[in-house]
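Colleague: no sequence on hand, only this structure:
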Ligand code: G6P
């Protein structure tokens with residue numbers, strides 16, 4: 001997905017924009033560009049391909065500029081060419097803009113503007129923005145009014161950063177349904193579509209709200225709404241630091257983030273377990289604690305990996321809290337006709353806090369009067385702000401597109417929430433004790449990562465994979481299949497092991513391996529019967545099993561052992577080898593696993 005960066009201040013803008021664009025690379029893009037105001041003229045440079053190519057093209061230009069905008073584009077309207085890359089300007093070269101999102105009525109606007117003599121150079125929807133502003137400037141209006149009038153005509157989703165050569169002291173920003181954050185510095189301010197692009201520049205940020213326009217100077221920020229009223233804003237402090245946003249000695253962010261698993265689990269429960277009372281304290285839920293006592297039904301809303309964490313959460317809420325729970329893909333929930341009873345609450349799970357479908361689903365729930373709770377990693381993000389109460393993950397920034405550490409962190413919070421909502425200490429006490437041991441057990445798995453690398457070497461050339469699990473490990477099978485698909489482009493399906501009989505078993509043959517998640521638990525005997533069926537059809541079996549399990553080696557071709565834990569906590573341990581397995585297969589097949597094709601870290605458009 002596209003990325004936006006902006007700078008105004010005393011420093012030279014170009015290196016700041018380039019480093020911001022590099023920080024946004026992980027989101028996926030196919031071209032990049034910058035516009036800098038040098039004197040009273042814009043210097044605009046765009047290149048197809050890597051930010052490095054753009055950087056290289058500018059290295060001999062000694063551009064002295066203190067205001068600029070930059071963009072990484074992920075082509076939607078028009079192919080990835082230099083002409084289509086952002087920033088886009090008006091006819092006279094006075095106004096330049098970068099844009100994330102989609103302007104739905106751009107065709108109408110374009111013909112309206114062409115009728116008035118505007119010449120378009122690109123196939124993008126974005127280009128209508130500077131021309132529309134120019135259209136109002138030409139009619140004698142000042143810049144602010146022209147911007148307002150232009151925005152009133154635009155339909156769709158957008159985050160926009162705009163600069164005007166006649167207003168060299170102001171960086172303009174506005175958004176609707178697409179994230180934009182202002183980084184607050186000293187004698188300088190920044191703009192970014194993703195707060196991780198600001199790490200190392202500032203920790204203080206202001207999240208722009210929908211329908212707000214920010215006028216950013218080097219030492220002042222002014223936010224107004226579409227009615228031209230001043231809007232108060234809050235400066236939020238990001239706890240992320242530069243080290244968390246760098247790969248360090250790891251070859252990829254994905255690997256680094258898998259190895260952060262033990263720490264993110266610790267950070268998620270740190271200070272939240274009251275050891276003497278064997279109870280959970282979740283500060284973020286205190287304001288709704290009375291209302292939570294009356295909750296009769298929970299609906300979890302999420303996308304991607306967060307959705308699979310939600311499926312584990314369904315077991316937690318039903319088995320530990322005894323609250324009927326459903327989990328929905330946010331993208332489906334938003335278009336369902338549903339009746340909601342009193343006492344229903346939704347829980348939105350989102351690492352980024354900006355996923356468009358999750359946000360829309362949550363807003364729909366709120367319109368129906370439901371209490372909206374959140375499990376969000378990014379402090380101050382849109383979903384976090386839209387919830388009535390919630391719990392932050394404190395997992396640090398997740399840069400790898402394939403989500404790994406966020407999943408473990410989400411499981412931790414879901415478990416803590418389920419215990420918080422439970423009235424039965426007898427059940428929850430051992431769970432809490434075991435949760436505290438989980439980080440060390442994950443570390444034991446990580447020590448054996450070379451075994452997974454060897455297994456990846458053996459299995460890397462298969463083109464299909466079935467992932468099987470039951471109960472708590474059923475969502476893990478789904479997540480394992482997703483990981484493999486995402487970064488190695490191997491066709492992989494996750495199934496409840498028993499359900500395999502109703503279709504997928506037809507596919508089993510010596511070229512179609514199965515990854516069986518079969519720790520020793522209440523359903524392992526049933527899993528063994530399913531594995532017999534695969535073996536009878538000569539399907540290769542790779543198993544994730546519990547240390548000390550003797551039976552599994554007679555059934556499976558290869559086994560990776562994980563430490564023993566309580567059944568409810570098994571996903572914490574069984575998912576880690578699947579993450580590593582996918583990582584090694586993806587890299588062995590020669591792919592850049594941090595930037596999988598066609599995928600975006602944060603999907604901010606529908
Ligand atoms: C994208 C990412 C996934 C992520 C999903 C939900 O598809 O590629 O890794 O799980 O969005 O993201 P969220 O930020 O809402 O958890």
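Modeller: It's in. The structure presented is a predicted model; accordingly, all values stated were derived computationally and were not measured.
Colleague: and the residue of this structure closest to the ligand?
Modeller: residue 304 (2.7 Å; CB to the nearest ligand atom). Every C-beta, even on glycine, is put in place using the N, C-alpha and C of the backbone.
Colleague: how about that residue, nearest residue that isn't a chain neighbour?
Modeller: residue 403 (6.6 Å; CB to CB, 6 or more residues apart in numbering).
Colleague: helix, strand, or coil at the one you found?
Modeller: Under DSSP: H, G, I helix; E, B strand; the rest coil, the three-state class of residue 403 is coil.
Colleague: so the residue of the chain closest to the ligand sits against residue 482, correct?
Modeller: Yes - with contact defined as CB atoms under 8 Å, residue 304 counts as touching residue 482 (7.3 Å).
Colleague: run through the stretch 151-300 of the chain and note the low-pLDDT ranges.
Modeller: Of all residues in the stretch 151-300 of the chain, none has pLDDT under 70.
Colleague: now with 80?
Modeller: 239-245, 275-278 (pLDDT under 80).
Colleague: longest single helix anywhere in the chain?
Modeller: Identified as the longest helix of the chain according to DSSP state H is helix 425-447.
Colleague: buried ones in the helix or strand following that one?
Modeller: Using DSSP states H and E, the helix or strand that follows helix 425-447 in sequence is helix 449-459. In terms of neighbour count (16 or more other CB atoms under 10 Å), helix 449-459 has its buried residues at 449, 451-453, 455-456, 459.
Colleague: same check on stretch 348-360?
Modeller: Within stretch 348-360, the residues that count as buried by 16+ other CB under 10 Å are 348-360.
Colleague: of the residues you listed, which ones also sit close to the ligand?
Modeller: 350-352, 355, 358 (CB under 6 Å from any ligand atom).
Colleague: go through those and flag which are in strands.
Modeller: Secondary-structure check on those using DSSP state E: residues within strands are residue 350.
Colleague: quick check: the farthest pair among the ones next to the ligand among the buried residues of stretch 348-360?
Modeller: In terms of CB to CB, those reach their longest pairwise distance at 351 and 358, which sit 10.1 Å apart.
Colleague: pull up the overlap in contacts between these two.
Modeller: Each of residue 306 lies in contact with both residue 351 and residue 358 under the rule CB atoms under 8 Å, 6 or more residues apart in numbering.
Colleague: quick revisit: need the buried residues of stretch 348-360 in a markdown table with pLDDT and distance to residue 593, can you?
Modeller: As requested, the buried residues of stretch 348-360 are exported to a markdown table (pLDDT from 0 to 100; distance: CB to CB, whole Å):
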| residue | pLDDT | distance to residue 593 |
| --- | --- | --- |
| 348 | 98 | 27 |
| 349 | 98 | 23 |
| 350 | 97 | 22 |
| 351 | 96 | 17 |
| 352 | 92 | 19 |
| 353 | 93 | 24 |
| 354 | 91 | 22 |
| 355 | 93 | 21 |
| 356 | 91 | 25 |
| 357 | 94 | 24 |
| 358 | 96 | 24 |
| 359 | 95 | 27 |
| 360 | 94 | 30 |
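Colleague: and stretch 60-68, which residues are buried?
Modeller: For stretch 60-68, the neighbour count (16+ other CB under 10 Å) marks 63, 65-68 as buried.
Colleague: please work out the average pLDDT along that stretch.
Modeller: On average, the pLDDT along stretch 60-68 is 88.
Colleague: and the strands in the stretch 451-600 of the chain?
Modeller: With DSSP state E, counting those that start in this stretch as the criterion, the stretch 451-600 of the chain has strands at 464-469, 491-496, 514-517, 541-546, 558-562.
Colleague: scratch that, the stretch 301-450 of the chain is what I was asking about
Modeller: 325-329, 344-350, 371-376, 389-392.
Colleague: looking at those strands, which is nearest to residue 157?
Modeller: For these, proximity to residue 157 was assessed by CB to CB; strand 344-350 is nearest, at 16.9 Å.
Colleague: contact partners of that closest one?
Modeller: Applying CB under 8 Å, 6+ apart, the contact partners of strand 344-350 are 291-292, 295-303, 306-307, 309-310, 313, 330, 358-359, 361-362, 365, 370-377, 381, 383, 387, 410, 414, 417.
Colleague: how about 6 Å then?
Modeller: The contact list for strand 344-350 (CB atoms under 6 Å, 6 or more residues apart in numbering) reads 295, 297-302, 306, 310, 358, 362, 365, 370-376, 383, 410.
Colleague: likewise for stretch 230-240?
Modeller: Contacts with stretch 230-240, where a contact means CB under 6 Å, 6+ apart, come from 184, 195, 199, 203-206, 212, 223-225, 380, 396-397.
Colleague: how about that stretch: buried residues?
Modeller: 233, 236, 238, 240.
Colleague: cool, and stretch 323-341?
Modeller: 323, 325-331, 333-334.
Colleague: now do the end-to-end distance for it.
Modeller: End-to-end distance for stretch 323-341: 14 Å, by CA to CA, to the nearest Å.
Colleague: state the mean pLDDT of it.
Modeller: Computed over stretch 323-341, the mean pLDDT rounds to 91.
Colleague: go ahead and name everything in contact with that stretch.
Modeller: Stretch 323-341 has contacts (CB under 6 Å, 6+ apart) with 297-303, 307, 310-311, 314, 317-318, 357-358, 360-361, 364, 368, 370.
Colleague: give me the mean pLDDT for the longest helix of the chain.
Modeller: 92.
Colleague: would you mark the buried spots in it?
Modeller: Neighbour-count burial for helix 425-447 [16+ other CB under 10 Å]: 427-428, 431-432, 434-435, 438-439, 441-442, 445-446.
Colleague: stretch 274-291 too?
Modeller: Neighbour-count burial for stretch 274-291 [16+ other CB under 10 Å]: 278-280, 282, 284-285, 288.
Colleague: out of those, the closest to residue 169 would be?
Modeller: Of all the buried residues of stretch 274-291, the one with the least separation from residue 169 (CB to CB) is residue 284, at 39.3 Å.
Colleague: would you point to the one among the strands of the stretch 451-600 of the chain that's packed deepest?
Modeller: Comparing the strands of the stretch 451-600 of the chain by mean neighbour count (mean count of other CB atoms under 10 Å), strand 514-517 ranks first with a mean of 28.
Colleague: next one: it to chain centre, how far?
Modeller: In terms of CA atoms, centre = their mean, to the nearest Å, the centre of strand 514-517 is found 27 Å from the chain centre.
Colleague: return the list of strands paired to that strand, each annotated with direction.
Modeller: If you go by DSSP bridges, strand 514-517 pairs up with strand 464-469 (parallel), strand 541-546 (parallel).
Colleague: for the record, mean pLDDT for it?
Modeller: Here the average pLDDT along strand 514-517 is 97.
Colleague: what about the stretch 501-606 of the chain, any weak spots by pLDDT?
Modeller: The stretch 501-606 of the chain contains residues with pLDDT under 80 at 597-606.
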